[in-house]
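1. The sequence and its predicted three-dimensional model are supplied below.
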Amino acid sequence: MTRGETIDKLQAYDLTIIQPRHGYRFSLDPLILCDFARILEGEKAADLGVGCGVIPLLLARSAGGTLITGIEMQAEMAGLAMRNVSLNNLSDRISIVQGDVTEVKKYFPGSTFDLVISNPPYRKRGTGRVSPKPGRDNARHESTASLPDFLAAAKYLAKVSGRICFIYHPSRIAELFAEAAVLKLAPLRLRMVHGSAAAEARMFVVEMVKGRKGDVKVLPPLFVYDDHGEYGEEMREILRTAD
């Protein structure tokens with residue numbers, strides 16, 4: 001570990017994760033997304049835009065016999081993800097590929113994965129506040145790959161009837177649904193994520209399916225914090241935090 005890194009624990013998942021001290025650091029979003037996706041025992045999954053590797057690590061801890069592949073454009077972050085996989089003794093179940101989401105056909109045959117999952121950058125290039133901390137803007141702003149690129153890659157990688165789960169910003173919900181329709185991806189589940197019951201939604205999670213039709217179910221919202229500013233009951237369950 002270098003001086004520019006920290007070691008953090010997700011004790012409930014028995015995970016130790018190295019992160020940049022001042023760059024992009026994971027938030028609650030990957031935990032919410034992985035809980036929503038609910039990987040099943042023995043499934044193969046792909047994570048588009050793996051960052052430090054937290055989503056593959058969470059998926060591997062969530063169900064036995066799973067095989068997870070992470071795809072990451074930035075060489076530094078791909079290397080960090082590989083280190084985290086090794087640190088948690090999961091190299092036999094998780095592999096990391098350094099590559100661009102727009103070029104997944106170079107790395108994998110089509111219709112390979114039961115689950116494709118992603119927490120893609122949600123700000124369009126040239127919009128929003130620029131972070132002074134290196135690495136954060138690449139994680140938050142679209143660079144070489146846009147939302148349509150992430151969705152197209154997910155469709156290519158998913159098996160027929162395979163699940164595609166994204167967490168994304170509410171300001172772009174109409175765009176995501178429109179692009180999904182173009183790609184003939186059927187949304188099956190949608191859930192809004194709020195900081196509290198009084199706050200507007202800050203993110204949403206959606207499950208889409210490739211190769212079959214279905215009606216979308218809008219699930220009850222997830223409130224991260226309760227009226228007292230503490231994690232709500234369901235959020236504590238996701239974090240596996242005892243009362």
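-> The structure has been received and is ready for your questions.
2. wouldn't residue 240 be in contact with residue 13 here?
-> Yes. In terms of Cβ atoms under 8 Å, residue 240 counts as a neighbour of residue 13; the distance is 7.1 Å. From N, CA and C alone the C-beta is placed, and that goes for glycine too.
3. quick one, which of the two is more surrounded?
-> Taking neighbours as other Cβ atoms under 10 Å, residue 240 and residue 13 compare with residue 13 leading, 19 against 12.
4. Quick check: closest non-adjacent residue to the more buried one.
-> In space, and not counting its chain neighbours, residue 13 is closest to residue 61: 4.6 Å by Cβ to Cβ, 6 or more residues apart in numbering.
5. ok, that neighbour to residue 113 distance?
-> Here residue 61 is placed at a distance of 18 Å from residue 113 (Cβ to Cβ, to the nearest Å).
6. cool, residue 182 as well?
-> Distance check for residue 182 against residue 113: by Cβ to Cβ, it reads 21 Å.
7. So which of these two has more stuff around it?
-> Neighbours per residue, other Cβ under 10 Å: of residue 182 and residue 113, the larger number sits with residue 113, 24 against 10.
8. ok, that one - contacts?
-> By Cβ atoms under 8 Å, 6 or more residues apart in numbering, the contact set of residue 113 is 44-46, 69, 157-159, 162.
9. try it again with 6 Å
-> For residue 113, the set of contacting residues under the criterion of Cβ atoms under 6 Å, 6 or more residues apart in numbering consists of 44-46, 157-158.
10. Of those residues - the most surrounded one?
-> Busiest of the contacts of residue 113 [other Cβ under 10 Å] is residue 45, holding 30 neighbours.
11. For the residue lying closest to that one once chain neighbours are set aside, give me its contacts.
-> What sits nearest to residue 45 in space, not counting adjacent residues and going by Cβ to Cβ, 6+ apart, is residue 115, at 4.1 Å. Taking Cβ under 6 Å, 6+ apart, we find residue 115 in contact with 39, 43, 45, 163.
12. tell me the SS of residue 115?
-> State at residue 115, reduced to three classes by DSSP: H, G, I helix; E, B strand; the rest coil: strand.
13. ditto for residue 69
-> With three-state DSSP as the basis, residue 69 sits in strand.
14. my read: it touches residue 93, true?
-> No. At 10.0 Å, residue 69 does not count as touching residue 93 under the criterion of Cβ atoms under 6 Å.
15. Can you pull out the low-pLDDT segments for this structure?
-> Low-confidence segments of the chain, defined by pLDDT under 70: 1, 125-144, 241-243.
16. phi, psi of the residue located most distally from the centre of it?
-> Relative to the mean C-alpha coordinate of the chain, counting by Cα atoms, centre = their mean, the farthest residue is residue 228 (28.4 Å). Backbone torsions for residue 228, taken as degrees, to the nearest 10, come to phi -100, psi 10.
17. Show me which residues of the longest helix seen in the chain are buried.
-> Ordering each helix of the chain by length in residues (DSSP state H) puts helix 75-87 first. Neighbour-count burial for helix 75-87 flags 77-78, 80-85, 87 (criterion: 16 or more other Cβ atoms under 10 Å).
18. partners of the helix or strand just after that helix, with directions?
-> Beyond helix 75-87 on the C-terminal side, the first helix or strand identified by DSSP states H and E is strand 94-98. Counting by DSSP bridges, the strands paired with strand 94-98 are strand 67-72 (parallel).
19. Restricting to C-alpha, output the partner strand in PDB.
-> Below are the C-alpha coordinates for strand 67-72, written out as PDB (Å, rounded to 0.1, in the frame of the first residue of the first chain):
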ATOM      1  CA  LEU A  67     -17.700 -16.200 -11.200                       C
ATOM      2  CA  ILE A  68     -17.300 -12.400 -11.700                       C
ATOM      3  CA  THR A  69     -15.500 -10.400 -14.300                       C
ATOM      4  CA  GLY A  70     -14.800  -6.700 -13.900                       C
ATOM      5  CA  ILE A  71     -14.000  -4.400 -16.800                       C
ATOM      6  CA  GLU A  72     -12.200  -1.200 -16.100                       C
END
